[in-house]
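Visitor: structure of the sequence below:
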Amino acid sequence: MTRLLQHRDTIIGLILLAIGLTLPLLLQSSFQLRIAMLVWVYAILGLGFNLLFGLAGQLSLGQQGFFAIAAYALALLQTKLGAPLVVAFPAALIICALLAAVIGLPLLRLRSHYLAMATLMFGLIIEGLALRWFDVTGGSAGVRVPPIAIGDWRLARTEIYYLVFGLTAIAYLIHSFLLSTFAGRAFQAIRGDETAARSLGVNVTAYKLRVFVLAAVFAGLAGATYALVSRQVDPSYSALTVNINLLTIAVVGGLRSRVGPVLGAAFVVLAPQFLTQFHEYETLLYGAGLLIFLIFVPKGLAGLIEKRAVCPDPPRPQASAAIRPARSGAR
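Guide: Sure thing, here's the model as predicted:
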């Protein structure tokens, strides 16, 4: 049992890899394949939020802003400037990183709900620009994203799926690596007590900015990947719905866990598909399910897995001499 516990994260990673590689062989329609791709897109978004809020304790409600910025940047660089995908995709992530670094310096001076409100305003500003900057964003009509092509060869739906899954696997590996490094421990120290972390030699300002930029890049990666899947970028990318889904991923999947964002993403994408059969009760059942998680599963699905994994082995019977009552002294 101890050996399995030591390799638990590796086993979970291999299971996710096997699921991701075999899904296209099991799914029967392009719609189901699209749903699977959305799970991986939201998993990337959840992984970044897990680093920012779950690990470092910085509650940002503006992740949907970076999600939309990268998607628009990817589309505009290709349609307006004629940049190829191999240039536009990393450029979109660099734009997110630079913008996060610029706004992160003043915003990260705030804490708790002040930081949450400031970042929420940032997300609302991006949504307003997406709706009203018609000459650039196209307003509510949005911007078309060119198909993924290499020369005259255009990627098929299954090939796009493996591209999306590959990007998710890279994000998952980076996320897992950071959890086990000094940076991960520094983030946890900041979440616990910034003053104590500073007394231990942690540059709190620098690490808070790093995790903010990193989470923005993860959100941008998710947004650009979603743009490739949807082939259309519109103001819905910056809507509060994205933020609500992100918070749901954190609640259902569990924070400070490697697999939690993936499990939460699966719930966010698959649960509405299942609940559509209940028609007008869909929203009611979805909300009731979230309340159940909040009350009875506070650590999320990942917490249930870890609790089961660390369940102690059943006690072994002791030697007979240990359970026999002690003999009296001299006969």
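Visitor: residue boundaries of the helices in the stretch 101-250 of the chain?
Guide: In the stretch 101-250 of the chain, the helices defined using DSSP state H, counting those that start in this stretch lie at 112-132, 134-137, 157-179, 182-192, 194-199, 204-230, 240-253.
Visitor: distance of T283 from I125?
Guide: According to CB to CB, to the nearest Å, T283 and I125 sit 28 Å apart. Where you see a C-beta, it was placed from the backbone N, CA and C, and this is true even at glycine.
Visitor: need the residue closest to the centroid of this structure.
Guide: G46 (1.3 Å; CA atoms, centre = their mean).
Visitor: using the three-state scheme, assign that one.
Guide: helix (DSSP: H, G, I helix; E, B strand; the rest coil).
Visitor: who are the neighbours in contact with it?
Guide: G46 sits next to 246, 249-250, 253, 260-262, 264-265 when contact means CB atoms under 8 Å, 6 or more residues apart in numbering.
Visitor: hang on, the earlier thing: right, so of the helices of the stretch 101-250 of the chain, which gets closest to L16?
Guide: helix 157-179 (7.3 Å; CB to CB).
Visitor: so for that closest one, mean pLDDT?
Guide: The predicted model assigns helix 157-179 a mean pLDDT of 93.
Visitor: distance from that helix to the middle of the chain?
Guide: Chain-centre distance of helix 157-179: 11 Å, with CA atoms, centre = their mean, to the nearest Å.
Visitor: okay, buried residues for it please.
Guide: 160-161, 163-165, 167-169, 171-172, 174-176, 178-179 (16 or more other CB atoms under 10 Å).
Visitor: and the furthest pair within those residues?
Guide: Across the buried residues of helix 157-179, the longest distance by CB to CB is 29.1 Å; it joins I160 and L179.
Visitor: in the chain, what helix or strand scores lowest on average pLDDT?
Guide: In the chain, no helix or strand scores lower on mean pLDDT, DSSP states H and E than helix 320-323, which sits at a mean of 40.
Visitor: mind saving the C-alpha coords of whatever helix or strand A97 lives in as CSV?
Guide: For A97, the host element (DSSP states H and E) is helix 85-107. Only the C-alpha atoms of helix 85-107 are listed here, as CSV (Å, rounded to 0.1, in the frame of the first residue of the first chain):
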residue,chain,number,x,y,z
LEU,A,85,-0.2,29.5,-36.8
VAL,A,86,3.2,28.5,-35.5
VAL,A,87,3.9,32.3,-35.0
ALA,A,88,0.5,33.5,-33.9
PHE,A,89,0.0,30.8,-31.2
PRO,A,90,3.1,31.5,-29.1
ALA,A,91,2.7,35.3,-29.8
ALA,A,92,-0.8,35.2,-28.2
LEU,A,93,0.7,33.6,-25.1
ILE,A,94,3.5,36.2,-24.9
ILE,A,95,0.9,39.0,-25.1
CYS,A,96,-1.0,37.4,-22.2
ALA,A,97,2.3,37.2,-20.2
LEU,A,98,3.3,40.8,-20.9
LEU,A,99,-0.2,42.1,-20.0
ALA,A,100,-0.3,40.1,-16.8
ALA,A,101,3.1,41.4,-15.8
VAL,A,102,2.0,45.0,-16.4
ILE,A,103,-1.3,44.9,-14.5
GLY,A,104,0.0,42.4,-11.9
LEU,A,105,2.4,44.8,-10.4
PRO,A,106,-0.2,47.2,-9.1
LEU,A,107,-3.1,44.7,-8.6
